[in-house]
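> fold the following and give me the result.
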Amino acid sequence: MSQSTDGDEAAGTPTAGLDDEAVVLVGHGSRREKSNDQVRELAAALESRLGIPVDAGFLELAEPSIPDAIAGLAGTVSELTVVQLSLFAASHVKTDVPLAVQRARATHEGLALNNGSHLGIHPAIVDLLDDRAAAVEAEMGVDRADDEVAVVLCARGSSDPDANADIHKLARLLYEGREFARVEAAFVGVTEPLLDGALHDVAKTRPDAVVVVPYMLGDGVLTGRIRDGAAEFDAEYPYVAAAAGDPLGTDSRLLDVLADRWQEARTGSVEMSCDTCKYKVELDGYEEDVGGARAMLRALTHQEAHEDREDVDDDPHVHDAPEKHVAVCTNQTCAADGAPAVLERLRQEARDSEACDARITRSSCLGRCGEGPIVAVYPDGVWYGGVADEDAERIVSSHLDRDRIVSDIVDQTL
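This next block holds a predicted model:
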């Protein structure tokens, strides 16, 4: 998928001037190769749509990783856009992918690297969900124009309230303007309402039929649980016909959404839900998650958990994790205070040390503006503030080499 297609136009998208661009389509990754192949299939279809090279990359459990996918294209183009094949903006979208992109910018300094948004709320997705519901209605022999048909839109569920809120918005958009008796949101796990409870609540209104639509990309374990839940409900309530439909799969309408997200990213018009992001504002029940520092640490924790594994046959996502990870904030304020010099000095000191086993990378804002440069050492949770380049030698020789904290420059510990 790394060769550009010929032609002046692909599905209405002009390719003039795009010969030096490429895209990495980021999927989550799965131990089920069928799910990974769906991402690759969409990447190939998006390449045909845009007329530029599109390669697939994965967060975990599959290859190539995001850094490897970017590296595979970086030498052939001057601009690369990361497009995320994620349904909602939860932790992967808000922390893991941006961290990978930030690291890639440091590695490929001559490459213009754009980070796109998730699939999110889009008219094409609402139409696709409507068709998934209609297919189940046809199988059951019901017609929403003549029968009372209720829909339960079931998603995976997240610990991020902002992401969970989107499934409720999609449910409402699916209801508006259509002849459904009602459309409710539900989740397989993590948060409520769970599917079983939502189905029983819908049953109280005595519809003629209940259509359960999985809001998932692939047909895997969770989709199977949704089908099982619908079947159990159907058996328990003989007066209500119930069945579950198919996930989104590789429907061509997803390409409409991905093309829009690509265009937004390359033109600097990406919109994220920062007003309701638990990492940026204090939401009731999620106060401890506020702060760029905690968001970044969560991302690093997640990444190291997947890197530091035994080499087993069924887990292709295996890397040797370093003992420590050092992140240097290079956002605007810290950069003005000398963060780039600190970063380079740390790297040089680490290279010169025989005992240092650490990965040293750039980071975006850590939420300590005006107190930098900020240097975070993971997994120790030690944050150094006001770091000067001459402090780099002490951080490496004391903390990274001998596990002795440099106490006079500690900003905070987590």
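> wait, a helix at R225?
Yes. Using DSSP: H, G, I helix; E, B strand; the rest coil, the assignment for R225 is a helix.
> which residues touch V387?
The neighbours of V387, taking C-beta atoms under 8 Å, 6 or more residues apart in numbering as the test, are 342, 372-375, 395, 409. Backbone N, C-alpha and C define where each C-beta goes, glycine included.
> doesn't it lie inside a strand?
No. Going by three-state DSSP, the assignment for V387 is coil, not a strand.
> quick one, phi/psi of it?
Reported as degrees, to the nearest 10, the phi and psi values for V387 are phi -80, psi 130.
> for A89, see how far away P214 is.
Distance check for P214 against A89: by C-beta to C-beta, to the nearest Å, it reads 19 Å.
> please disregard the earlier target; I meant S252.
With the distance defined as C-beta to C-beta, S252 ends up 24 Å from A89.
> the two - which one has more neighbours?
Neighbour tally, S252 and A89, criterion other C-beta atoms under 10 Å: the higher count belongs to A89, 23 against 12.
> spatially nearest residue to that one, not counting backbone neighbours?
Closest residue to A89 apart from its sequence neighbours, by C-beta to C-beta, 6 or more residues apart in numbering: H118 at 5.0 Å.
> and for E349?
Leaving aside its chain neighbours, E349 sits nearest to V396 (4.0 Å; criterion: C-beta to C-beta, 6+ apart).
> isn't that neighbour up against R347?
No. Proximity of V396 to R347 does not meet the contact threshold set by C-beta atoms under 8 Å, at 9.5 Å.
> for the helix or strand A235 falls within, name the packing helices and strands.
Here A235, judged by DSSP states H and E, is contained in helix 221-236. In terms of contacts (3 or more C-beta pairs under 8 Å, 6 or more residues apart in numbering; DSSP states H and E), helix 221-236 is packed against helix 195-203, strand 209-214, strand 241-244.
> ranking these by burial, who's on top?
Between the helices and strands packed on helix 221-236, the one whose residues have the most neighbours on average, counting mean count of other C-beta atoms under 10 Å, is strand 209-214 (a mean of 28).
> looks to me like K94 is in a helix.
Yes. Going by three-state DSSP, the assignment for K94 places it inside a helix.
> any idea how far S117 is from it?
10 Å.
> name the residue in these two with the higher neighbour count.
For K94 against S117, the residue with the higher neighbour count under other C-beta under 10 Å is K94, and the figures read 24 against 21.
> read off the pLDDT value for the more buried one.
For K94, the model assigns a pLDDT of 79.
> do the same with A259
What the model reports as pLDDT for A259 is 96.
> again, but for the one 3 residues further on
Model confidence at W262, expressed as pLDDT, equals 96.
> grab the nearest non-local neighbour of it.
V83 (5.1 Å).
> what does Y237 give?
Distances taken as C-beta to C-beta, 6+ apart put A203 closest to Y237, at 5.2 Å, once the chain neighbours are dropped.
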